[in-house]
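S.K.: okay, predicted coordinates and the sequence, questions at the end:
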Amino acid sequence: MHKTNMAAQAPAEPFYARNDESPDAASHFHQLLDDAIDQKVRTIHLQQETAFCRVRKRIKGKLDEARVDSPTLISELIAELEKISSSTFGTIDTLTFDVVHRNVECHIVCQSCPTTTGMALTLEINHPTNIPEILEQTTLKAESIDNIRQRLNSHTDGLTIVSSPSCDLLCDLYYPLLGELQTLDSRIVSFESSTRKHIPRVSQISVDHAHGMPVTDADHVFIDWQRSRDTTLLNTLLNQYSTATVFIQATNSASAIRQLTDLAISERQLATNLTTCIELDHAHLICPHCAEAHNPNGSEIRIMEQHRIKANSTLNYAPGCDRCNYTGIGEHRLLLSLCSASDAIRLSVETRSTDAIAKSFDSALKKQSIREQRKRLISAGQMNLQALK
Ligand SMILES: [Zn+2]
């Protein structure tokens, strides 16, 4: 009977903060559309946990997570989506339909999949004012993310190893991958050296002898590289998360695998579970505004021959100008390689030889390896010869 009064006095509190009654699925859906339009959010990922539902979205490159106190939100939303679209989630578990919300035409793609704790639902909301949110905060381009995402989604289970010599690049990947990838419902495991990176709004746990085995719903399992030498712990962790993405700082995939076997992860288990290896690195292109061509000198020719770079390539040298703040460095480009684990790679992993593993990756990747990408940039005069590691 006090309803009218209470509504009039109630402050304009955030929708998700309300937990006094089971939220109405239709108004929930409208709220998600509001967010998509007002905050330019394109993808919203909902994951049902036992007592609540996680709602994750990326706003200007930052992951935003809210909890809705409802044990049945996703099933209610699914019923609502089926009602609006006059269709049902079939065997492919995708619904596509158009709605007009606040005079904005939205094209919506919904995907659902079962998880260990209930259901996960991903809504992709496209509308004219929503220019796909590029990850402004990161060096990763949206198409690279889509590439990685597509690749990861093609594997329903198994182990993905993401490696980079740059810890920052690895961290850049957390945001686009966490909360948006259904295959990553299984958590991200990362091995890092002494510095622990805090990822805002992502629940993290640290694993070491003091903490013991993690039994938690943390998104990110952080393993203290220095202290975790407990072989049982690491092996159990990988067994527990048979679908997992491991982030590890390493010069390349071969070195990442070698580091894992050195940490006493059994090479057989690694070889069996391995599905994809992703390598990331930066390329610092030389400034095109002050680039000057020069003919390679004797020692440069030797390096070029050694790496089989065409000897007639012209090298560029950038002394610096006001356009590059006198650094000679222009654009930073992301180098990325994706490799599915072949039988040859699995066999090489079992040998535990870094050289053999590196060779198997080279022959699988051919021109797509990061080294070959670097060589092409050097041949094109876009990068310094010194960038060859
Ligand atoms: Zn310059």
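M.R.: Yep, it's here. None of these values were measured; they are calculated from a predicted model.

S.K.: tell me if Thr251 really is in a helix.
M.R.: No - if the criterion is DSSP: H, G, I helix; E, B strand; the rest coil, then Thr251 is coil and not within a helix.

S.K.: shouldn't it be in contact with Pro165?
M.R.: Yes - assessed by Cβ atoms under 8 Å, Thr251 is found in contact with Pro165 at 5.2 Å. Every C-beta, even on glycine, is put in place using the N, C-alpha and C of the backbone.

S.K.: low-confidence ranges, the chain, go.
M.R.: 1-23, 60-62, 91-92, 127-157, 171-244, 263-264, 311-312, 389 (pLDDT under 70).

S.K.: tell me the domain boundaries of it?
M.R.: Per the record, the chain has its domains at 12-126, 142-387, by automatic domain parsing.

S.K.: can you count the residues close to Ile59?
M.R.: 13 (other Cβ atoms under 10 Å).

S.K.: any idea how far the ion is from the closest residue in space to it that isn't next to it in sequence?
M.R.: Nearest residue to Ile59, sequence neighbours excluded (Cβ to Cβ, 6 or more residues apart in numbering): Gln39, at 5.0 Å. As judged by Cβ to the ion, to the nearest Å, Gln39 and the ion stand 37 Å apart.

S.K.: what's the spacing between Gln39 and Lys57?
M.R.: Relative to Lys57, Gln39 is positioned 8 Å away (Cβ to Cβ, to the nearest Å).

S.K.: give me the neighbour count for His332.
M.R.: Going by other Cβ under 10 Å, the residues that sit close to His332 add up to 10.

S.K.: again with the one 4 residues further on
M.R.: For Leu336, the number of neighbouring residues by other Cβ under 10 Å comes to 20.

S.K.: does Phe29 really touch Ile78, like I thought?
M.R.: No - counting by Cβ under 8 Å, Phe29 does not reach Ile78; the two are 10.6 Å apart.

S.K.: how about the helix or strand containing Ile301: buried residues?
M.R.: Take DSSP states H and E as the rule and Ile301 turns out to sit in helix 298-306. With burial defined by 16 or more other Cβ atoms under 10 Å, the residues of helix 298-306 counted as buried are Glu300, Met304.

S.K.: which residues touch the very next helix or strand once past it?
M.R.: Moving toward the C-terminus from helix 298-306, the next helix or strand (DSSP H and E) is strand 315-317. Here strand 315-317 makes contact (Cβ atoms under 8 Å, 6 or more residues apart in numbering) with 286, 291-296, 300, 328, 378, 381-382, 384-385.

S.K.: so how do I select the buried members of those residues in ChimeraX?
M.R.: Burial among those is assessed by 16+ other Cβ under 10 Å; the matching ChimeraX selection reads:
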select :286,291,296,300,328,378,381,382,384,385
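
S.K.: widest-spaced pair of the contacts of strand 315-317?
M.R.: For the contacts of strand 315-317, with distances taken as Cβ to Cβ, the pair at the greatest spread is Asn295 and Gly328 (18.5 Å).

S.K.: quick check, Ser360 in a helix?
M.R.: Yes - Ser360: assigned to a helix according to three-state DSSP.

S.K.: go ahead and confirm Thr327 touches Gly320.
M.R.: Yes - using Cβ under 8 Å, Thr327 is in contact with Gly320, at 5.9 Å.

S.K.: give me every residue in the stretch 201-350 of the chain lying close to the ion.
M.R.: Cys287, His289, Cys290, Cys321, Arg323, Cys324 (Cβ under 5 Å from the ion).

S.K.: among those residues, name the buried ones.
M.R.: When these are checked for burial by 16+ other Cβ under 10 Å, the buried set is Cys287, Cys290, Cys324.

S.K.: report the separation between the second one and Leu260.
M.R.: By that I understand Cys290. 43 Å.

S.K.: about what we covered before: which of the contacts of strand 315-317 sits closest to Ala341?
M.R.: Distance to Ala341 across the contacts of strand 315-317 (Cβ to Cβ) is lowest for Ile378, with 29.2 Å.

S.K.: so that closest one touches Gln386, yeah?
M.R.: No - contact criterion Cβ under 8 Å: Ile378 and Gln386 do not qualify, at 9.5 Å.

S.K.: from memory Gln47 sits against Cys53, does it?
M.R.: Yes - if you go by Cβ under 8 Å, Gln47 and Cys53 touch, sitting 6.9 Å apart.

S.K.: more neighbours, these two?
M.R.: A count of neighbours by other Cβ under 10 Å puts Cys53 above the other of Gln47 and Cys53, at 26 against 22.
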